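> kindly return the folded structure for what I paste below:
(one chain, ligands or ions: 1)
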Amino acid sequence: MTSIVHITNLQRRMGKQSVLQNINSEVRQGDVIALLGKNGAGKTTLLETILGLALPTAGEVRVFGTLSHEITSTEKQRIGFVPQQDELLEQLTPREHLSLFAQFQAKWNNTLCERLCQSWEIPLNTRISKLSLGQRQKLSIILALCHQPDLLILDEPVASLDPIARRQFLTELISIALDQQTAIIFSSHIVTDMERVATKVWLLKDHQLCWQGELDMLKEHVVRLHISAESPLPTNLVIANSIRHVYQGKTAMFTVTGWHDALKHTLEQQLQADVRVEYLNLEDIFLELNA
Ligand SMILES: Nc1ncnc2c1ncn2[C@@H]1O[C@H](COP(=O)(O)OP(=O)(O)OP(=O)(O)O)[C@@H](O)[C@H]1O
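Alright, predicted model coming up:
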């Protein structure tokens, strides 16, 4: 698979504050990356740096092999971006905006545009300044999807969408990732949505990517162990890579990282106890890793 984005030792400071440190990663064709992090973790900063809208303090980001802040207008046409705050032209109607934007795109998909405008009930002849937040967000998504980008970056694209539009949007996203092999980086606080579409996860914490890799691997890597013994467990019990634990006499619950199934038997022998492994959904993993 072709590399679309390459990030090397990226650092970004804002005044005295370090926002991103030692970020090394790669985005390949067909990757759908869920970018997760608490408020202020640096998600928008990372996405803007990838887009070349902000300069790295150190390190570099390459998009299609070019430094992101030096990408050409032809390369820009290969990128779709839905910003957290839309940049629509207030005085135009959606019809005018779509037609103006389409003129500058080499691969505009009019069929998809018409289908989405219809199913999302975009009021095509109303001034954009009079649209609701959700209608504006839908229009921004249509603009980003319909020029069939090779790289699609979405910063909180669904916050104002109703559940029906959100589900349709996720379906579209999966289909373009599969059919067109578009690389997608998607930031959202609706973690259940991310879990439906993501193949990979980037988790930002303490200015760094504390996890990056396949979603399935993350789910095998972070688990909750429910331990129950015949007699009270030692209160100073230590389990490697534990990030949180709760004791209740003969039972205990540990959340651990770096888990692999072979450890279960060893632990049961060592503690003379039953160990049940609970695999977590992405939202629970996010909460545990940020606890
Ligand atoms: N223009 C700016 N000047 C100074 N600091 C800034 C600026 N923009 C963002 N920051 C700081 O950089 C950090 C990261 O902000 P960023 O917007 O990237 O976070 P985020 O993860 O996208 O947050 P959210 O989930 O709330 O959208 C925050 O601590 C923020 O205060």
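
> domain assignment for the protein?
Domain assignment for the chain, taken from automatic domain parsing, gives 3-218, 222-289.

> and the last one, anywhere near the ligand?
The reference is to domain 222-289. No. Interface with the ligand: domain 222-289 contributes nothing (Cβ under 6 Å from any ligand atom), its closest point being 12.4 Å away. All C-beta spots, glycine's among them, are computed from the backbone N, C-alpha and C.

> contacts only, for residue 151.
4-5, 27, 63-64, 78-80, 182-185 (Cβ atoms under 8 Å, 6 or more residues apart in numbering).

> in strands, which of the residues you listed appear?
Among the contacts of residue 151, the ones falling in strands (DSSP state E) are 4-5, 27, 63, 79-80, 183-185.

> hmm, back to that, the ligand: which of the contacts of residue 151 is nearest?
Closest approach to the ligand among the contacts of residue 151 (Cβ to the nearest ligand atom): residue 185, at 12.6 Å.

> can you pull out the low-pLDDT segments for the protein?
Counting by pLDDT under 70, the chain shows low-confidence ranges at 1.

> which residues in it form helices?
Applying DSSP state H to the chain gives helices spanning 43-50, 73-76, 94-103, 110-119, 133-146, 163-180, 191-197, 215-221, 262-271, 282-289.

> name the residues of the second one that are buried.
What it means is helix 73-76. Going by neighbour count (16 or more other Cβ atoms under 10 Å), the buried part of helix 73-76 is residue 75.

> run through the residues that contact residue 267.
Contact analysis of residue 267 by Cβ under 8 Å, 6+ apart lists 225, 227, 239, 273, 275.

> what about the first one, how many residues nearby?
Close neighbours of residue 225, defined as other Cβ atoms under 10 Å, add up to 20.

> correct me if wrong: it contacts residue 254.
Yes. If you go by Cβ atoms under 8 Å, residue 225 and residue 254 touch, sitting 4.6 Å apart.

> and for those two, which residues touch both?
With Cβ under 8 Å, 6+ apart, residue 225 and residue 254 have common neighbours residue 239.

> closest to residue 285 out of the contacts of residue 267?
residue 225 (14.3 Å; Cβ to Cβ).

> show me what the closest one is bridged to.
Residue 225 forms beta bridges with residue 254, residue 277, as assigned by DSSP bridges.

> before we move on, back to that, closest to residue 17 out of the contacts of residue 267?
residue 239 (35.1 Å).

> got a list of what that closest one touches?
With Cβ under 8 Å, 6+ apart, residue 239 has these contacts: 225, 245, 254, 256, 267.

> and the ones in strands among the contacts of residue 151 as JSON lines, adding neighbour count and distance to the ligand?
JSON lines is the format used below for these (neighbours: other Cβ atoms under 10 Å; distance: Cβ to the nearest ligand atom, whole Å):
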{"residue": "4", "neighbour count": "25", "distance to the ligand": "21"}
{"residue": "5", "neighbour count": "21", "distance to the ligand": "17"}
{"residue": "27", "neighbour count": "23", "distance to the ligand": "18"}
{"residue": "63", "neighbour count": "27", "distance to the ligand": "18"}
{"residue": "79", "neighbour count": "22", "distance to the ligand": "19"}
{"residue": "80", "neighbour count": "23", "distance to the ligand": "19"}
{"residue": "183", "neighbour count": "26", "distance to the ligand": "20"}
{"residue": "184", "neighbour count": "25", "distance to the ligand": "17"}
{"residue": "185", "neighbour count": "26", "distance to the ligand": "13"}
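
> so which of those residues comes closest to residue 120?
Checking the ones in strands among the contacts of residue 151 against residue 120 with Cβ to Cβ, the nearest one is residue 80 at 16.7 Å.

> for that closest one, list each beta-bridge partner.
Beta-bridge pairing for residue 80 (DSSP bridges): residue 152.

> can you tell me what sits against stretch 3-11?
Outside stretch 3-11, the residues within contact range by Cβ under 8 Å, 6+ apart are 18, 20-29, 31, 46, 49-50, 56-65, 150-151, 183, 185.

> contact residues of this structure facing the ligand?
Residues of the chain lying close to the ligand (Cβ under 6 Å from any ligand atom) are 14-15, 19, 37, 39-45.

> buried among the residues you listed? Make that a PyMOL selection.
Typed into PyMOL, the line below selects the buried ones among the residues of the chain next to the ligand, using 16+ other Cβ under 10 Å:
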select buried, resi 19+37+41+42+43+44+45
